[in-house]
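# Give me the fold of what follows.
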Amino acid sequence: MGGDAGATVTLPACHTFLQQHPQARLLLVAPPHVAAAQGPLAQHPRVQWVAATEVVAMDDPIEVALRRKKDSTMRVAVAQVQQGAAQVAVSAGNTGALMAISRYLLKTLPGIDRPAIATQMPNVKGGATTVLDLGANVDCEPAHLLQFALLGSALVQASTGEAQPSVGLLNIGEELIKGGEVIKQASVLLRDAAQHNDLNFVGNVEGNDIFKGSVDIVVCDGFVGNVALKASEGLAAMVSAMIRQEFARTWLTKLAALVAMPVLSRFKARVDHRRYNGAALLGLRGLVFKSHGSADAAAFAYALARAHDAVQHNLLNGVQQRLTHAAGVLQAAAQPLDAAA
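From the prediction side, this is the model:
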(Lines give C-alpha, C1' and ligand atoms only; values in the text may rest on other atoms or scores of the structure.)
Protein backbone atom coordinates (compact mmCIF):
# COMPACT_ATOMS: atom_id res chain seq x y z
CA MET A 1 0.00 0.00 0.00
CA GLY A 2 3.05 2.30 0.15
CA GLY A 3 4.42 4.78 -2.33
CA ASP A 4 2.80 7.58 -4.25
CA ALA A 5 0.36 5.30 -6.09
CA GLY A 6 -0.02 2.34 -3.71
CA ALA A 7 -1.57 -0.87 -4.99
CA THR A 8 -2.08 0.46 -8.53
CA VAL A 9 1.71 0.22 -8.95
CA THR A 10 2.83 -2.46 -6.51
CA LEU A 11 0.37 -5.17 -7.52
CA PRO A 12 1.07 -5.09 -11.29
CA ALA A 13 4.76 -5.20 -10.34
CA CYS A 14 4.10 -8.27 -8.19
CA HIS A 15 2.42 -9.98 -11.13
CA THR A 16 5.46 -9.27 -13.33
CA PHE A 17 7.85 -10.47 -10.62
CA LEU A 18 5.99 -13.77 -10.20
CA GLN A 19 6.16 -14.40 -13.96
CA GLN A 20 9.92 -13.76 -13.97
CA HIS A 21 10.67 -15.77 -10.81
CA PRO A 22 8.73 -19.05 -10.99
CA GLN A 23 10.11 -20.35 -7.68
CA ALA A 24 9.34 -17.25 -5.61
CA ARG A 25 6.40 -16.74 -3.29
CA LEU A 26 4.87 -13.44 -2.20
CA LEU A 27 3.09 -12.47 0.98
CA LEU A 28 1.03 -9.41 0.07
CA VAL A 29 0.01 -7.30 3.05
CA ALA A 30 -3.12 -5.22 2.45
CA PRO A 31 -6.55 -4.40 3.85
CA PRO A 32 -9.06 -7.21 3.09
CA HIS A 33 -11.03 -5.15 0.56
CA VAL A 34 -7.88 -4.68 -1.55
CA ALA A 35 -7.16 -8.40 -1.64
CA ALA A 36 -10.72 -9.21 -2.65
CA ALA A 37 -10.57 -6.93 -5.69
CA GLN A 38 -7.38 -8.23 -7.28
CA GLY A 39 -8.61 -10.82 -9.75
CA PRO A 40 -5.74 -13.14 -10.84
CA LEU A 41 -3.53 -12.25 -7.89
CA ALA A 42 -6.32 -12.96 -5.43
CA GLN A 43 -6.14 -16.71 -6.17
CA HIS A 44 -2.53 -17.01 -7.38
CA PRO A 45 -0.98 -20.26 -6.08
CA ARG A 46 2.25 -18.51 -5.05
CA VAL A 47 0.54 -15.56 -3.36
CA GLN A 48 -0.63 -15.42 0.23
CA TRP A 49 -2.61 -12.40 1.38
CA VAL A 50 -1.95 -11.08 4.88
CA ALA A 51 -4.53 -8.72 6.35
CA ALA A 52 -3.74 -5.38 7.99
CA THR A 53 -6.23 -2.68 8.91
CA GLU A 54 -4.06 0.47 8.76
CA VAL A 55 -1.77 2.17 6.24
CA VAL A 56 1.22 4.43 6.96
CA ALA A 57 0.86 7.60 4.89
CA MET A 58 3.87 9.06 3.12
CA ASP A 59 3.70 12.14 5.37
CA ASP A 60 3.02 10.37 8.66
CA PRO A 61 5.47 11.29 11.44
CA ILE A 62 7.64 8.40 12.62
CA GLU A 63 5.92 8.42 16.03
CA VAL A 64 2.54 7.86 14.40
CA ALA A 65 3.83 4.99 12.27
CA LEU A 66 5.71 3.33 15.12
CA ARG A 67 3.44 3.82 18.11
CA ARG A 68 -0.08 4.48 16.89
CA LYS A 69 -0.51 2.46 13.70
CA LYS A 70 0.46 -0.92 15.12
CA ASP A 71 -1.59 -2.83 12.54
CA SER A 72 -0.25 -0.96 9.50
CA THR A 73 0.60 -2.87 6.33
CA MET A 74 4.22 -1.74 6.72
CA ARG A 75 4.56 -3.02 10.27
CA VAL A 76 2.79 -6.30 9.52
CA ALA A 77 5.08 -6.81 6.49
CA VAL A 78 8.25 -6.36 8.54
CA ALA A 79 6.76 -8.60 11.23
CA GLN A 80 6.59 -11.41 8.65
CA VAL A 81 10.40 -11.29 8.52
CA GLN A 82 10.67 -11.06 12.30
CA GLN A 83 8.46 -14.14 12.69
CA GLY A 84 10.21 -16.14 9.98
CA ALA A 85 7.23 -16.24 7.62
CA ALA A 86 9.13 -14.20 5.01
CA GLN A 87 12.81 -13.94 4.16
CA VAL A 88 12.72 -10.31 3.07
CA ALA A 89 10.31 -7.37 3.21
CA VAL A 90 9.91 -4.79 0.42
CA SER A 91 8.11 -1.46 0.76
CA ALA A 92 7.72 1.73 -1.28
CA GLY A 93 6.35 3.57 1.73
CA ASN A 94 7.57 6.29 4.08
CA THR A 95 11.36 5.80 4.41
CA GLY A 96 11.68 7.11 7.96
CA ALA A 97 8.79 4.97 9.13
CA LEU A 98 10.16 1.86 7.43
CA MET A 99 13.57 2.37 9.02
CA ALA A 100 12.08 2.98 12.47
CA ILE A 101 9.73 0.00 12.30
CA SER A 102 12.42 -2.31 10.93
CA ARG A 103 14.90 -1.26 13.58
CA TYR A 104 12.30 -1.67 16.34
CA LEU A 105 11.10 -5.11 15.26
CA LEU A 106 14.27 -6.66 13.86
CA LYS A 107 16.96 -4.90 15.96
CA THR A 108 20.49 -4.23 14.73
CA LEU A 109 23.28 -6.76 14.37
CA PRO A 110 26.13 -6.83 16.93
CA GLY A 111 28.60 -4.03 16.26
CA ILE A 112 26.11 -1.89 14.32
CA ASP A 113 24.75 1.28 15.90
CA ARG A 114 22.69 2.50 12.95
CA PRO A 115 21.36 0.70 9.89
CA ALA A 116 22.31 2.22 6.54
CA ILE A 117 20.51 2.49 3.22
CA ALA A 118 22.55 1.21 0.28
CA THR A 119 21.84 1.11 -3.43
CA GLN A 120 23.63 1.05 -6.77
CA MET A 121 24.35 3.85 -9.23
CA PRO A 122 25.39 3.16 -12.84
CA ASN A 123 28.99 3.81 -13.85
CA VAL A 124 30.82 4.18 -17.15
CA LYS A 125 32.35 0.71 -16.88
CA GLY A 126 28.97 -0.82 -17.56
CA GLY A 127 28.42 -1.90 -13.98
CA ALA A 128 27.27 -0.09 -10.87
CA THR A 129 28.81 1.52 -7.81
CA THR A 130 27.27 0.77 -4.42
CA VAL A 131 26.76 3.90 -2.33
CA LEU A 132 25.79 4.19 1.34
CA ASP A 133 24.35 5.78 3.39
CA LEU A 134 21.59 7.35 1.28
CA GLY A 135 19.61 9.20 3.89
CA ALA A 136 19.04 7.13 7.02
CA ASN A 137 21.84 8.84 8.97
CA VAL A 138 22.41 12.54 8.40
CA ASP A 139 24.85 13.11 11.26
CA CYS A 140 27.50 10.41 11.43
CA GLU A 141 30.47 9.69 13.66
CA PRO A 142 33.66 8.11 12.24
CA ALA A 143 32.69 4.71 13.67
CA HIS A 144 29.42 4.80 11.74
CA LEU A 145 31.25 5.28 8.44
CA LEU A 146 33.42 2.26 9.28
CA GLN A 147 30.25 0.24 9.91
CA PHE A 148 28.80 1.39 6.58
CA ALA A 149 31.97 0.29 4.78
CA LEU A 150 31.72 -3.19 6.28
CA LEU A 151 28.01 -3.47 5.45
CA GLY A 152 28.57 -2.29 1.89
CA SER A 153 31.41 -4.75 1.44
CA ALA A 154 29.17 -7.61 2.54
CA LEU A 155 26.45 -6.49 0.13
CA VAL A 156 28.79 -6.33 -2.87
CA GLN A 157 30.49 -9.59 -1.95
CA ALA A 158 27.13 -11.34 -1.77
CA SER A 159 25.93 -9.96 -5.09
CA THR A 160 29.14 -10.26 -7.13
CA GLY A 161 31.23 -12.89 -5.37
CA GLU A 162 34.15 -10.44 -5.02
CA ALA A 163 35.81 -11.38 -1.71
CA GLN A 164 37.29 -7.94 -1.04
CA PRO A 165 35.47 -5.25 -3.03
CA SER A 166 37.20 -1.88 -3.08
CA VAL A 167 35.96 0.86 -0.74
CA GLY A 168 36.37 4.61 -1.12
CA LEU A 169 35.51 7.33 1.40
CA LEU A 170 33.69 10.24 -0.24
CA ASN A 171 35.58 13.49 0.28
CA ILE A 172 36.29 16.83 -1.40
CA GLY A 173 39.65 15.53 -2.58
CA GLU A 174 41.84 12.44 -2.53
CA GLU A 175 44.50 13.92 -0.25
CA LEU A 176 44.53 12.79 3.39
CA ILE A 177 44.67 16.38 4.66
CA LYS A 178 41.32 17.29 3.05
CA GLY A 179 37.86 17.03 4.57
CA GLY A 180 36.33 17.66 7.96
CA GLU A 181 37.41 16.07 11.20
CA VAL A 182 34.84 13.26 10.96
CA ILE A 183 36.12 12.25 7.53
CA LYS A 184 39.76 12.37 8.63
CA GLN A 185 39.05 10.20 11.67
CA ALA A 186 36.95 7.81 9.59
CA SER A 187 39.86 7.46 7.18
CA VAL A 188 42.07 6.36 10.08
CA LEU A 189 39.53 3.73 11.11
CA LEU A 190 39.13 2.45 7.55
CA ARG A 191 42.90 2.17 7.06
CA ASP A 192 43.14 0.25 10.33
CA ALA A 193 40.41 -2.12 9.15
CA ALA A 194 42.31 -2.62 5.89
CA GLN A 195 45.46 -3.50 7.81
CA HIS A 196 43.48 -6.18 9.64
CA ASN A 197 42.20 -7.50 6.29
CA ASP A 198 38.62 -6.56 7.16
CA LEU A 199 38.27 -4.14 4.24
CA ASN A 200 39.84 -3.28 0.90
CA PHE A 201 40.04 0.45 1.59
CA VAL A 202 41.71 2.41 -1.22
CA GLY A 203 41.43 5.91 0.26
CA ASN A 204 39.45 9.06 -0.40
CA VAL A 205 37.39 9.43 -3.56
CA GLU A 206 35.45 12.31 -5.06
CA GLY A 207 31.89 12.53 -6.32
CA ASN A 208 32.77 11.80 -9.94
CA ASP A 209 34.36 8.50 -8.89
CA ILE A 210 30.85 7.14 -8.25
CA PHE A 211 30.12 7.33 -11.97
CA LYS A 212 33.65 6.53 -13.14
CA GLY A 213 33.51 3.22 -11.30
CA SER A 214 36.83 3.90 -9.58
CA VAL A 215 35.78 1.76 -6.61
CA ASP A 216 33.09 -0.81 -5.91
CA ILE A 217 31.72 0.98 -2.83
CA VAL A 218 31.53 4.65 -1.87
CA VAL A 219 30.89 5.47 1.79
CA CYS A 220 29.41 8.76 2.99
CA ASP A 221 26.93 10.16 5.49
CA GLY A 222 23.24 10.09 4.68
CA PHE A 223 22.96 13.78 3.81
CA VAL A 224 25.66 13.67 1.15
CA GLY A 225 24.53 10.28 -0.14
CA ASN A 226 20.93 11.36 -0.59
CA VAL A 227 21.99 14.50 -2.46
CA ALA A 228 24.21 12.40 -4.75
CA LEU A 229 21.38 9.95 -5.43
CA LYS A 230 18.80 12.63 -6.27
CA ALA A 231 21.32 14.54 -8.39
CA SER A 232 22.14 11.42 -10.43
CA GLU A 233 18.45 10.72 -11.05
CA GLY A 234 17.87 14.32 -12.07
CA LEU A 235 20.85 14.27 -14.41
CA ALA A 236 19.65 11.09 -16.12
CA ALA A 237 16.19 12.59 -16.62
CA MET A 238 17.67 15.83 -17.97
CA VAL A 239 19.90 14.05 -20.49
CA SER A 240 17.00 11.94 -21.76
CA ALA A 241 14.80 15.03 -22.10
CA MET A 242 17.51 16.98 -23.94
CA ILE A 243 17.99 14.15 -26.42
CA ARG A 244 14.27 13.99 -27.14
CA GLN A 245 14.07 17.77 -27.61
CA GLU A 246 17.12 17.94 -29.86
CA PHE A 247 15.97 15.17 -32.17
CA ALA A 248 12.51 16.68 -32.48
CA ARG A 249 13.73 19.95 -33.98
CA THR A 250 13.94 19.30 -37.75
CA TRP A 251 13.46 16.52 -40.29
CA LEU A 252 17.27 16.15 -40.38
CA THR A 253 17.57 15.61 -36.64
CA LYS A 254 14.63 13.21 -36.76
CA LEU A 255 16.47 11.21 -39.42
CA ALA A 256 19.61 11.26 -37.27
CA ALA A 257 17.55 10.06 -34.32
CA LEU A 258 16.25 7.12 -36.36
CA VAL A 259 19.80 6.08 -37.30
CA ALA A 260 21.07 6.52 -33.75
CA MET A 261 18.07 4.87 -32.07
CA PRO A 262 19.80 1.57 -31.15
CA VAL A 263 22.64 3.45 -29.42
CA LEU A 264 20.24 5.85 -27.73
CA SER A 265 18.07 2.99 -26.52
CA ARG A 266 21.05 1.26 -24.93
CA PHE A 267 22.13 4.53 -23.32
CA LYS A 268 18.65 5.16 -21.98
CA ALA A 269 18.55 1.70 -20.46
CA ARG A 270 21.98 2.21 -18.86
CA VAL A 271 21.00 5.43 -17.09
CA ASP A 272 17.38 4.48 -16.34
CA HIS A 273 17.17 4.84 -12.56
CA ARG A 274 14.29 2.34 -12.46
CA ARG A 275 16.77 -0.48 -13.14
CA TYR A 276 18.59 0.35 -9.90
CA ASN A 277 15.49 0.67 -7.71
CA GLY A 278 15.56 -1.24 -4.45
CA ALA A 279 17.81 -0.07 -1.62
CA ALA A 280 18.88 -2.45 1.14
CA LEU A 281 18.45 -1.48 4.79
CA LEU A 282 21.70 -2.98 6.02
CA GLY A 283 22.70 -3.77 9.59
CA LEU A 284 19.43 -5.33 10.73
CA ARG A 285 18.80 -8.90 11.91
CA GLY A 286 16.60 -9.41 8.87
CA LEU A 287 16.39 -8.26 5.25
CA VAL A 288 14.36 -5.19 4.31
CA PHE A 289 14.42 -3.36 0.96
CA LYS A 290 13.11 0.12 0.20
CA SER A 291 11.68 1.14 -3.16
CA HIS A 292 11.35 4.73 -4.32
CA GLY A 293 7.98 6.11 -3.37
CA SER A 294 7.60 7.44 -6.92
CA ALA A 295 8.42 4.08 -8.52
CA ASP A 296 6.24 2.85 -11.35
CA ALA A 297 5.38 -0.82 -11.85
CA ALA A 298 8.60 -1.55 -13.75
CA ALA A 299 10.74 0.05 -11.05
CA PHE A 300 8.96 -1.73 -8.21
CA ALA A 301 9.42 -5.05 -10.00
CA TYR A 302 13.17 -4.34 -10.06
CA ALA A 303 13.06 -3.70 -6.30
CA LEU A 304 11.36 -7.06 -5.75
CA ALA A 305 13.96 -8.76 -7.93
CA ARG A 306 16.82 -7.11 -6.04
CA ALA A 307 15.37 -8.27 -2.72
CA HIS A 308 14.93 -11.79 -4.13
CA ASP A 309 18.56 -11.83 -5.27
CA ALA A 310 19.70 -10.79 -1.79
CA VAL A 311 17.98 -13.83 -0.33
CA GLN A 312 19.33 -16.11 -3.06
CA HIS A 313 22.89 -14.89 -2.36
CA ASN A 314 22.47 -15.25 1.41
CA LEU A 315 23.18 -11.58 2.08
CA LEU A 316 22.25 -11.66 5.76
CA ASN A 317 24.70 -14.47 6.50
CA GLY A 318 27.40 -12.61 4.55
CA VAL A 319 26.86 -9.47 6.61
CA GLN A 320 27.04 -11.44 9.86
CA GLN A 321 30.27 -13.18 8.82
CA ARG A 322 31.98 -9.92 7.87
CA LEU A 323 30.94 -8.22 11.10
CA THR A 324 32.19 -11.18 13.13
CA HIS A 325 35.54 -11.03 11.33
CA ALA A 326 35.77 -7.29 12.00
CA ALA A 327 34.61 -7.45 15.63
CA GLY A 328 37.98 -6.23 16.89
CA VAL A 329 38.15 -3.08 14.78
CA LEU A 330 34.47 -2.37 15.42
CA GLN A 331 35.01 -2.56 19.16
CA ALA A 332 38.09 -0.34 18.95
CA ALA A 333 36.24 2.19 16.79
CA ALA A 334 33.44 2.39 19.33
CA GLN A 335 35.92 3.91 21.81
CA PRO A 336 37.18 7.51 21.58
CA LEU A 337 39.69 7.68 18.72
CA ASP A 338 42.63 8.60 20.99
CA ALA A 339 41.91 5.65 23.28
CA ALA A 340 41.59 3.31 20.29
CA ALA A 341 44.95 4.46 18.96
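
# What segments of the stretch 1-150 of the chain are strands?
Listed in chain order, the strands of the stretch 1-150 of the chain (DSSP state E, counting those that start in this stretch) span residues 26-30, 47-51, 88-91, 116-122, 128-132.

# JSON lines for the ones you listed, including mean pLDDT and mean neighbour count?
Where C-beta positions appear, they are placed from N, C-alpha and C, glycine not excepted. Formatted as JSON lines, the entries for these read as follows, by pLDDT from 0 to 100; neighbours: other Cβ atoms under 10 Å:
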{"stretch": "strand 26-30", "mean pLDDT": "96", "mean neighbour count": "21"}
{"stretch": "strand 47-51", "mean pLDDT": "94", "mean neighbour count": "16"}
{"stretch": "strand 88-91", "mean pLDDT": "98", "mean neighbour count": "25"}
{"stretch": "strand 116-122", "mean pLDDT": "93", "mean neighbour count": "24"}
{"stretch": "strand 128-132", "mean pLDDT": "95", "mean neighbour count": "25"}
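
# Distance to residue 101 added to these, as TSV?
Written out in TSV, the entries for these read as follows (distance: least, Cβ to Cβ, whole Å):
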stretch	distance to residue 101
strand 26-30	12
strand 47-51	15
strand 88-91	9
strand 116-122	14
strand 128-132	20
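
# roughly how far apart are residue 146 and residue 206?
Residue 146 sits 20 Å away from residue 206 when distances are taken as Cβ to Cβ, to the nearest Å.

# So for the two, which sits in the more crowded spot?
For the pair residue 146 and residue 206, the greater number of neighbours falls to residue 146 (30 against 16), based on other Cβ atoms under 10 Å.

# these two touch, right, the more buried one and residue 187?
No - if you go by Cβ atoms under 8 Å, residue 146 and residue 187 don't touch, sitting 9.9 Å apart.

# I'd guessed residue 12 sits against residue 298; true?
No - using Cβ under 8 Å, residue 12 is not in contact with residue 298; the gap is 9.2 Å.

# tell me the phi and psi of residue 169?
Backbone dihedrals for residue 169, given as degrees, to the nearest 10, come out at phi -100, psi 120.

# Check what pLDDT it gets.
Looking at residue 169, its pLDDT reads 97.

# if you go through the stretch 201-341 of the chain in chain order, where are the strands?
Using DSSP E, counting those that start in this stretch, the strands of the stretch 201-341 of the chain run over residues 217-219, 279-282, 287-290.

# what are the pairing partners of the first one, and which direction each?
Under the criterion DSSP bridges, strand 217-219 sits next to strand 128-132 (parallel), strand 166-170 (parallel) in its sheet.

# Any idea how far it is from the middle of the chain?
Distance of strand 217-219 from the chain centroid (Cα atoms, centre = their mean, to the nearest Å) equals 13 Å.

# Need the contact partners of it.
Contacts to strand 217-219, defined as Cβ atoms under 8 Å, 6 or more residues apart in numbering, come from residues 129-132, 145, 148-149, 152-153, 156, 165-170, 186, 190, 205, 209-210.

# Could you verify that residue 162 is part of a strand?
No - checked against DSSP: H, G, I helix; E, B strand; the rest coil, residue 162 lies outside a strand; its state is coil.

# Enumerate every residue touching it.
Taking Cβ under 8 Å, 6+ apart as the test, what residue 162 contacts is 156, 216.

# same question, residue 321
With contact taken as Cβ under 8 Å, 6+ apart, residue 321 is in contact with residue 154.

# That one and residue 120, how far apart?
With the distance defined as Cβ to Cβ, residue 321 ends up 22 Å from residue 120.

# Verify the contact between residue 189 and residue 334 for me.
No - Residue 189 is not in contact with residue 334 according to Cβ under 8 Å; the separation is 10.3 Å.

# Of these two, which one has the most company?
Between residue 189 and residue 334, residue 189 has the larger neighbour count (other Cβ under 10 Å), namely 26 against 14.

# Which residue is the nearest non-sequential neighbour of that one?
Take residue 189 and drop its neighbours on the chain: the residue closest to it by Cβ to Cβ, 6 or more residues apart in numbering is residue 146, 4.4 Å away.

# Could you check how far that neighbour is from residue 70?
Distance of residue 146 to residue 70, given as Cβ to Cβ: 35 Å.

# try residue 307
Here residue 307 is placed at a distance of 24 Å from residue 70 (Cβ to Cβ).

# Run through the helices of this protein in chain order.
Along the chain, the segments classed as helices by DSSP state H run 7-20, 32-36, 62-63, 73-82, 95-106, 142-160, 181-195, 208-212, 222-247, 251-271, 297-312, 315-325, 327-333, 337-340.
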